[in-house]
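Novice: Please find the sequence and the predicted model below.
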Protein chains: 2
Amino acid sequence: MIDSFLMIGQSNMAGRGYTKEVPPIFDEHIKMQRNGLWQIMSEPINFDRPSAGVGLAASFAASWRMDNPQHEIGLIPCADGGTSLDDWAVTGALFENAISQSRLAQRTSTIKGILWHQGESDCSPEKANQYQEKLSVIIDVLRKELHIQEVPLIIGGLGDYLADGIFGPYFTSYPLINKDLEDFAQTTKNCYFVTAKGLTPNPDHIHFNALSQRILGVRYYKAFRDLQHIPVPLNDEEGVLAKIYNRPYTKTEKIKLLEHEFALGIIESKDYLDHLTALNQG
Amino acid sequence: MIDSFLMIGQSNMAGRGYTKEVPPIFDEHIKMQRNGLWQIMSEPINFDRPSAGVGLAASFAASWRMDNPQHEIGLIPCADGGTSLDDWAVTGALFENAISQSRLAQRTSTIKGILWHQGESDCSPEKANQYQEKLSVIIDVLRKELHIQEVPLIIGGLGDYLADGIFGPYFTSYPLINKDLEDFAQTTKNCYFVTAKGLTPNPDHIHFNALSQRILGVRYYKAFRDLQHIPVPLNDEEGVLAKIYNRPYTKTEKIKLLEHEFALGIIESKDYLDHLTALNQG
């Protein structure tokens, strides 16, 4: 049975890091949901927009795998860029999509956690004032409908760069949302807050860059594993990432990567067959 | 209200054409479903695998738009690579995913047609023998569950190149499936067959290349519009594509493309703002 995790929220949960900026994470035992079935994970996991890229879920899953070398993890991507808490309201399309995708995942996995990152689209004093109450309703109904009342909910802070870029004026209230998220986690059972301190953006100053997403995923996993808030950056974030990147590929992974190269026309059929033969003999 | 179309089947419905090989199709009134909501279409529409690319749905939609210049079309991507008819059985995950995604689409659209392309994974004499009966059950239940009994179902043939490539031995029975598809369409109400004659593959000799997918989409639309089988290639396929490609972008489309370039870091913030100002003044 796969241990699965639901990804919900807006663009920084979906992921907008540039894939070319970080080493890939590819592990035959990390799956992602596609059309109700499990496929080996590759990024972008949560393809909500053409700009989808690296998110926090890949390094979260890879961190989980280091503690669970004999088990499989599955990611259920349901985050959607630019969406507010009102867009996520119960009975809305985003909510119902997350429910139906989760139920499909529950046929062959056990949901072990909920990963949430959202708030950029609620950056106003009025909306910040209602944030905790709205989030509480969404999460409560979600937990009940999926029968996952007790699993950890991990929620991350917004980037401290938000007010600086060309869209800065839209985000001046971001510290109010960060306080909401932290307060919500402090007062809600099975909920843990993860800081975004020190993380840096793409040139748009809205989205975490790829390295920051990798680091955020490591923090999310630490919160999940230890059932504790992560109010400050961890000591060994880059070290954890180095361990993840240094994991050697299995034979199955090498074959899958070779198939992918051939499917994309990067290598010709003769080279494909030669390499495949070598891998199968190796 | 959007007119929507359900995309089901395996990889050649999802699309594996290389995007760099054909001009893009981008039209603010062609939407695709993401997380239960509508987004402006861009390829890959049906991101089932990392190798997803150009499929037939984009040129199908662009052809539809030439006849419906005042209306919007929405694509519901539910196709999944490598899947057999047994994988698509009623109550299976693929079937239920297509049902739940379609129901979300029906909140804000009317499903006007079903686009099916599948059969490569059923290329054996035994499976070919059961193909029509299995497909009939799947389509009947799908139509009933979604209350779309009367909408056209368009089904396309398999590529005549299938037996030639390095995977050729798996596909020697493909003519049996093509006969099944043609017979099924002839004997099933509201079902039309589209030939794949003349279409060519990627180097893998499994997947239609990008130009062939564009042509196939034009044929699918002709079958849908005229409610007739397309047993031979059309006379003016490349001409239709030229018209599609020559459509000038609207201001909204230019702004969306500019936003995308900035999101991907292709242009810097100063250039983004300068171009945006120019577009808004133009």
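Specialist: Now that the structure is in, tell me what you want to look at.

Novice: quick one, strands of the stretch 51-200 of chain A?
Specialist: A:73-77, A:109-117, A:153-156, A:191-194 (DSSP state E, counting those that start in this stretch).

Novice: Deepest-packed of those strands, please.
Specialist: The highest mean neighbour count among the strands of the stretch 51-200 of chain A, using mean count of other CB atoms under 10 Å in any protein chain shown, belongs to strand A:153-156: a mean of 27. (C-beta placed from N, C-alpha, C; glycine too.)

Novice: Show me what that strand packs onto, helices and strands only.
Specialist: Packing contacts for strand A:153-156, counted by 3 or more CB pairs under 8 Å, 6 or more residues apart in numbering or on different chains; DSSP states H and E, involve strand A:109-117, helix A:174-187, strand A:191-194, helix A:210-226.

Novice: For the strands of the stretch 51-200 of chain A, give me TSV that also has mean pLDDT.
Specialist: Below are those laid out as TSV (pLDDT from 0 to 100):
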stretch	mean pLDDT
strand A:73-77	98
strand A:109-117	98
strand A:153-156	98
strand A:191-194	98
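
Novice: Dump those into a markdown table; add distance to B:D3 as well.
Specialist: What follows is the strands of the stretch 51-200 of chain A, written out as a markdown table (distance: least, CB to CB, whole Å):
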| stretch | distance to B:D3 |
| --- | --- |
| strand A:73-77 | 27 |
| strand A:109-117 | 35 |
| strand A:153-156 | 39 |
| strand A:191-194 | 42 |
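
Novice: Would you tell me which of these gets closest to B:K134?
Specialist: With CB to CB as the criterion, B:K134 lies closest to strand A:109-117 of the strands of the stretch 51-200 of chain A, at 27.3 Å.

Novice: Give me the domain ranges for chain A.
Specialist: A:2-246, A:248-282 (automatic domain parsing).

Novice: Going by mean pLDDT, which of these comes out lowest?
Specialist: Mean pLDDT values for the domains of chain A show the minimum at domain A:248-282, a mean of 93.

Novice: Same question for that domain: list its buried residues.
Specialist: A:253-258, A:260, A:262-265, A:267, A:272, A:275-276 (16 or more other CB atoms under 10 Å in any protein chain shown).

Novice: what's the span of it, first residue to last?
Specialist: One end of domain A:248-282 to the other measures 15 Å (CA to CA, to the nearest Å).

Novice: How about it and chain B, any contact?
Specialist: Yes - under the criterion of CB under 8 Å from any CB of the partner chain, chain B is reached by domain A:248-282 at A:260, A:262-265, A:268-269, A:272-273.

Novice: In these, find the pair that's most separated.
Specialist: A:L264 and A:L273 (16.3 Å).

Novice: Which residue is most remote from the mean position of chain A?
Specialist: A:K270 (37.8 Å; CA atoms, centre = their mean).

Novice: what's stretch A:69-77 in contact with?
Specialist: For stretch A:69-77, the surrounding residues in contact (CB atoms under 8 Å, 6 or more residues apart in numbering or on different chains) are A:2-7, A:14, A:29-33, A:38, A:41, A:45-48, A:57, A:61, A:64-65, A:98, A:101-102, A:105, A:109, A:111.

Novice: just to revisit the earlier point, can you say which of the domains of chain A is packed in most?
Specialist: domain A:2-246 comes out most buried of the domains of chain A by mean count of other CB under 10 Å, with a mean of 20.

Novice: host element of the residue nearest to A:N68 when sequence neighbours are not counted?
Specialist: Sequence neighbours aside, A:D3 is the residue nearest to A:N68 in space, at 7.4 Å (criterion: CB to CB, 6 or more residues apart in numbering or on different chains). A:D3 belongs to strand A:2-9 when assigned by DSSP states H and E.

Novice: strands paired with that strand, and their directions?
Specialist: strand A:73-77 (parallel), strand A:109-117 (parallel) (DSSP bridges).

Novice: Can I get it as CSV, trimmed to CA atoms?
Specialist: Taking Å, rounded to 0.1, in the frame of the first residue of the first chain, the C-alpha atoms of strand A:2-9 are listed here in CSV:
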residue,chain,number,x,y,z
ILE,A,2,1.3,3.4,-1.0
ASP,A,3,1.5,6.2,1.6
SER,A,4,0.0,9.2,-0.2
PHE,A,5,-0.1,13.0,0.3
LEU,A,6,-2.6,15.5,-1.0
MET,A,7,-1.2,18.7,-2.5
ILE,A,8,-3.5,21.7,-2.2
GLY,A,9,-3.2,25.4,-2.4
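
Novice: Tell me how far that strand lies from the chain's centre.
Specialist: In terms of CA atoms, centre = their mean, to the nearest Å, the centre of strand A:2-9 is found 8 Å from the chain centre.

Novice: do the same with stretch A:176-184
Specialist: Using CA atoms, centre = their mean, the offset of stretch A:176-184 from its chain centre is 20 Å.

Novice: near chain B, which residues of the stretch 101-250 of chain A show up?
Specialist: Counting by CB under 8 Å from any CB, the stretch 101-250 of chain A sits next to chain B at A:101, A:104, A:107-108, A:165-166, A:202-204, A:207.

Novice: I'd guessed A:E150 sits against A:N190; true?
Specialist: Yes - between A:E150 and A:N190 there is a contact under CB atoms under 8 Å: 6.0 Å.

Novice: which ones are touching A:F224?
Specialist: A:60, A:64, A:113, A:152, A:154, A:192.

Novice: at 6 Å what do you get?
Specialist: Listed by CB atoms under 6 Å, 6 or more residues apart in numbering or on different chains, the contact partners of A:F224 are A:113, A:152, A:154.

Novice: So out of everything in the stretch 101-250 of chain A, what residue is nearest chain B?
Specialist: Closest residue of the stretch 101-250 of chain A to chain B, CB to the nearest CB: A:I166 (4.9 Å).

Novice: Can you verify my assumption that that residue contacts B:S269?
Specialist: Yes - checked against CB atoms under 6 Å, the pair A:I166 and B:S269 is within contact range at 4.9 Å.

Novice: I am finished for the moment; much appreciated.
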